[in-house]
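# turn this into a structure:
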Amino acid sequence: MDTCTDCLEGRYKEYWERAAAFHGHVCGGLAIGFKAAVYAIELLEVTFSQDEEVVCIAENDACGVDAIQSVLGCSIGKGNLLFHMTGKQAFSFYNRKTGKAVRLYLKARAPQGLKREDSCRFYLTCGFEDMYAVSEPKTAVPERARLFKSVPCARCGEITAESMVRVEDGEMVCPDCFGRYDRFAV
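Residues are numbered from 1 along each chain as shown. Here you go, the predicted structure:
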């Protein structure tokens, strides 16, 4: 599937192949998330998250998030993959068992005009310290995922998580049926 794996060794090669299979192709974006996940493994001493032991807050919804899912086991469904959309290539990782946490911000940029495979190789061969700025996360570790009661929308009848319903004219309604109130909208 790709020839970038020749620059990887051991378990990293296995992780990369898993990420590439999950994502469907190899690209620089996948390599960015892959290197972030592997760096988090090194810094936080974590492994694949069976439940919510590892948490990731991704600041983008780009290709790299697929690598984080496949390498670290963070997923939206388990509640340990969260998005704080800033448009930055930044990821905060938390180890619930040890309390360690780190935010990785991409500082290395592949040169413009590279082919997909060359961009991928650039990131895969880049050193961790050269690739990422390391800092404390901007937020504390998020609480564990909660289960909420299901509530039928008074308008459309569709079942909605209790945490998402709004009250309008005394009725509990889903976000789709909730009337927008914006006095500044033109």
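
# low-confidence regions, this protein specifically.
1-4 (pLDDT under 70).

# what residue lies at the spatial centre of it?
With distances taken as C-alpha atoms, centre = their mean, Ala58 lies nearest the centre of the chain, 3.8 Å away.

# quick check: that residue touching Ile76?
No - with contact defined as C-beta atoms under 8 Å, Ala58 does not count as touching Ile76 (10.3 Å). Any C-beta I mention is one placed from the backbone N, CA and C, and that applies to glycine too.

# any idea which helix is longest in this structure?
helix 28-44 (DSSP state H).

# can you dump the C-alpha coordinates of that helix into PDB?
The C-alpha coordinates for helix 28-44 follow below in PDB (Å, rounded to 0.1, in the frame of the first residue of the first chain):
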ATOM      1  CA  GLY A  28       1.100  13.700   5.300                       C
ATOM      2  CA  GLY A  29      -1.900  14.300   7.500                       C
ATOM      3  CA  LEU A  30      -2.100  10.700   8.600                       C
ATOM      4  CA  ALA A  31       1.600  10.800   9.400                       C
ATOM      5  CA  ILE A  32       1.100  13.900  11.500                       C
ATOM      6  CA  GLY A  33      -1.500  12.100  13.700                       C
ATOM      7  CA  PHE A  34       0.500   8.900  13.700                       C
ATOM      8  CA  LYS A  35       3.600  10.700  15.000                       C
ATOM      9  CA  ALA A  36       1.500  12.500  17.700                       C
ATOM     10  CA  ALA A  37       0.000   9.200  18.800                       C
ATOM     11  CA  VAL A  38       3.500   7.500  19.000                       C
ATOM     12  CA  TYR A  39       5.000  10.500  20.800                       C
ATOM     13  CA  ALA A  40       2.100  10.300  23.300                       C
ATOM     14  CA  ILE A  41       2.900   6.600  23.900                       C
ATOM     15  CA  GLU A  42       6.500   7.600  24.700                       C
ATOM     16  CA  LEU A  43       5.700  10.600  26.900                       C
ATOM     17  CA  LEU A  44       2.800   9.300  28.800                       C
END
